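**Q** Give me coordinates for this.
(one chain, ligands or ions: 1)
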Amino acid sequence: MDFDDTPDEAAWRAEVRAFLAEHKDELGDRNGRRELDQETSRRRQALLYDAGYVGVTWPVEAGGRGGTPMQQAIIDQEMARAGIPGLINLIGIGMCGPTVIGHGSDDQKERYLQRLLRADDVWCQLFSEPASGSDLAALRTKAVQDEQGDWHISGQKVWTTLAHLSDYGILLTRTDPDVAKHRGLTMFVVDMKAPGVTVRPLRQMTGGAEFNEVFFDDVVIPDRERLGEVGDGWRVALTTLMSERLTLGGGGGDIGMNVERVAEHVAARIGELPPERQALVRQDFGRAYVATLGMRYTGYRLLTALSKGSLPGPEASAGKLAGTRAALDLADLAVRLLGDDAVYGAEPDGAGTWQSLQAGLPGMAIAGGTNEVLRNIIGERVLGLPPEPRADKDRTFRELAAAGA
Ligand SMILES: Cc1cc2nc3c(=O)[nH]c(=O)nc-3n(C[C@H](O)[C@H](O)[C@H](O)COP(=O)(O)OP(=O)(O)OC[C@H]3O[C@@H](n4cnc5c(N)ncnc54)[C@H](O)[C@@H]3O)c2cc1C
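**A** Residues are numbered from 1 along each chain as shown. As a prediction, the model looks like this:
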């Protein structure tokens, strides 16, 4: 693969870069002190969408641009380079939208997709529950259909990112406990403002509260909001999960971490250290930087495969695994260099930037597949090791639940 831009890619990069520079003030700076509220974040996404820079790879009929994964990667790289904060509707664009595109009715596509891209509506992904995360098919939230055809939802979800700001969510439920656990699931679009939906933010160690518990107390969802067939929710969820891995682990980006920014930080502080420690810091930085490059080039390999029409494979899992580790090492290094300033929050470079990254990144090693589960995927699909034993395969969900599995 040639790592240099083709003439077309170079022209695209120049166009994107010029737009971002021209609108820098409206787009904001993720490393600056300015807190960006919800309205600002929605406006930022609308501005980028109207310019043609959101949903680039989405089909034109879904409100996208019908562009290439490489064009999208160039936008991501240029936004990171310009220090522009990520899009508020990343979960909507990366996970919910592709699921509606893949399994939604024409009516759902018409009502939801373009609004999602402009952040007129923010979306969340309601999959995990207190007893089902890695083993997603063990979920218990129940959907029962009444005589009019409406569905009644009862149960609890947890760790739902952005639920407190969301207008809609994709919701995975159990509609039939008397078949094997993967086969009795059904997916819906849920209106997060519907009666019976309660969202309770959970405080994280960063001090923020970006994810939530969500309770469903006899929430009514009309049948036209079903995504895919009854009982086919697992297949629908696989579309979401595949898109999620691609969003988190592919595309050549840096997970939540701008490496050049860390390099500037290291360069600014290293002179304050005794010479013998300077060498160690350089080594630490070099090691983490190389790992980040490994992630970036794995991302390029994935982009090449996608450009040739292949589906994302285990590269995305490897990318997420390596990227999370490298980002954590870099954040640790940045905070160590701050020394006492890290404790007192007297950091000159945007108060709390490095501390909140260091506290937030461990969550990335859990969200969208834990490191252990990603290693299982790599072991099975890349190294060809034997698959995990599946004792639950031939039992119904009801039997498993009764046995406390
Ligand atoms: C920042 C953040 C954001 C999130 N956002 C969302 C969201 O928007 N929507 C949503 O639905 N969920 C979300 N989640 C939930 C996330 O998907 C789950 O936390 C994740 O799938 C792990 O599930 P769990 O927490 O139930 O842990 P468990 O699955 O109970 O795992 C506990 C431990 O056991 C290990 N383990 C489990 N199974 C295996 C196995 N087969 N082999 C080896 N080790 C194993 C795990 O790796 C882990 O270390 C988010 C989580 C975080 C941290």
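**Q** contacts, neighbours, all on C-alpha from now
**A** Noted.
**Q** What residues does the protein have near the ligand?
**A** Within the chain, the positions adjacent to the ligand are 124-128, 132-135, 159-161, 363-364, 366-373 by CA under 6 Å from any ligand atom.
**Q** Selecting buried members of those in ChimeraX, what would you type?
**A** Selection of buried members from those for ChimeraX, criterion 16 or more other CA atoms under 10 Å:
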select :124,125,126,127,128,133,159,160,161,364,366,367,368,369,370,371
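**Q** Inside strands: which ones of the residues of the chain next to the ligand?
**A** C124, Q125, L126, W159, T160, T161 (DSSP state E).
**Q** what is the fifth one paired to in the beta sheet?
**A** Following DSSP bridges, T160 is listed with bridge partners N212.
**Q** hang on, it packs against N212?
**A** Yes. Taking CA atoms under 8 Å as the definition, T160 is a contact partner of N212 at 5.0 Å.
**Q** Sketch out the low-pLDDT regions of the chain for me.
**A** Residue ranges of the chain with pLDDT under 70: 1-2, 29-36, 248-257, 311-312, 344-351, 405.
**Q** buried residues in the longest helix seen in it?
**A** Secondary structure of the chain read by DSSP state H shows that its longest helix is helix 275-307. Neighbour counts over helix 275-307 (16+ other CA under 10 Å) mark 278, 281, 285, 288-289, 291-306 as buried.
**Q** quick one: the helices in the stretch 301-405 of the chain?
**A** 315-338, 340-344, 353-364, 371-381, 397-402 (DSSP state H, counting those that start in this stretch).
**Q** got a list of what A365 touches?
**A** Applying CA atoms under 8 Å, 6 or more residues apart in numbering, we find A365 in contact with L321, T324, R325, N371.
**Q** List only buried entries from the residues you listed.
**A** Judged by 16+ other CA under 10 Å, buried ones among these: L321, T324, R325, N371.
**Q** which one among the residues you listed gets closest to the ligand?
**A** Proximity of the buried ones among the contacts of A365 to the ligand was ranked by CA to the nearest ligand atom; the top entry is N371 with 5.9 Å.
**Q** I figured the closest one hits G323, correct?
**A** No. Judged on CA under 8 Å, N371 makes no contact with G323 at a distance of 11.0 Å.
**Q** Mind listing the shared neighbours of the two?
**A** With CA under 8 Å, 6+ apart, N371 and G323 have no common neighbours.
**Q** for L171, phi and psi?
**A** phi -120, psi 120 (degrees, to the nearest 10).
**Q** Next up, the contacts around it.
**A** By CA under 8 Å, 6+ apart, the contact set of L171 is Q125, L126, F127, M187, F188, V189, V190.
**Q** so which of the residues you listed comes closest to H103?
**A** Nearest to H103 among these, counting by CA to CA, is M187 at 9.7 Å.
**Q** I'd like the distance between the closest one and S128.
**A** Distance of M187 to S128, given as CA to CA, to the nearest Å: 13 Å.
**Q** thought A331 was touching T353?
**A** No. The criterion here is CA under 8 Å, and A331 misses it with T353 at 9.5 Å.
**Q** Let's have the buried ones among the contacts of A365 in JSON lines, adding distance to R140.
**A** Shown next, in JSON lines, are the buried ones among the contacts of A365 (distance: CA to CA, whole Å):
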{"residue": "L321", "distance to R140": "29"}
{"residue": "T324", "distance to R140": "30"}
{"residue": "R325", "distance to R140": "32"}
{"residue": "N371", "distance to R140": "24"}
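**Q** Which residues does stretch 190-202 contact?
**A** 159, 163-164, 166-171, 209-221, 225.
**Q** So which bits of it are buried?
**A** V190, D191, M192, V197, T198, V199, P201, L202.
**Q** Just the CA atoms of that stretch, as PDB, please.
**A** Extracted C-alpha coordinates of stretch 190-202, given in PDB (Å, rounded to 0.1, in the frame of the first residue of the first chain):
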ATOM      1  CA  VAL A 190     -37.300   3.600  21.000                       C
ATOM      2  CA  ASP A 191     -38.300   7.200  21.600                       C
ATOM      3  CA  MET A 192     -36.200   8.200  24.700                       C
ATOM      4  CA  LYS A 193     -38.900  10.700  25.700                       C
ATOM      5  CA  ALA A 194     -41.700   8.100  25.800                       C
ATOM      6  CA  PRO A 195     -43.700   7.600  29.000                       C
ATOM      7  CA  GLY A 196     -42.000   4.900  31.200                       C
ATOM      8  CA  VAL A 197     -38.400   5.600  30.100                       C
ATOM      9  CA  THR A 198     -36.300   6.800  33.100                       C
ATOM     10  CA  VAL A 199     -32.600   7.800  32.600                       C
ATOM     11  CA  ARG A 200     -30.300   8.000  35.500                       C
ATOM     12  CA  PRO A 201     -26.700   9.300  34.900                       C
ATOM     13  CA  LEU A 202     -23.800   7.300  36.400                       C
END
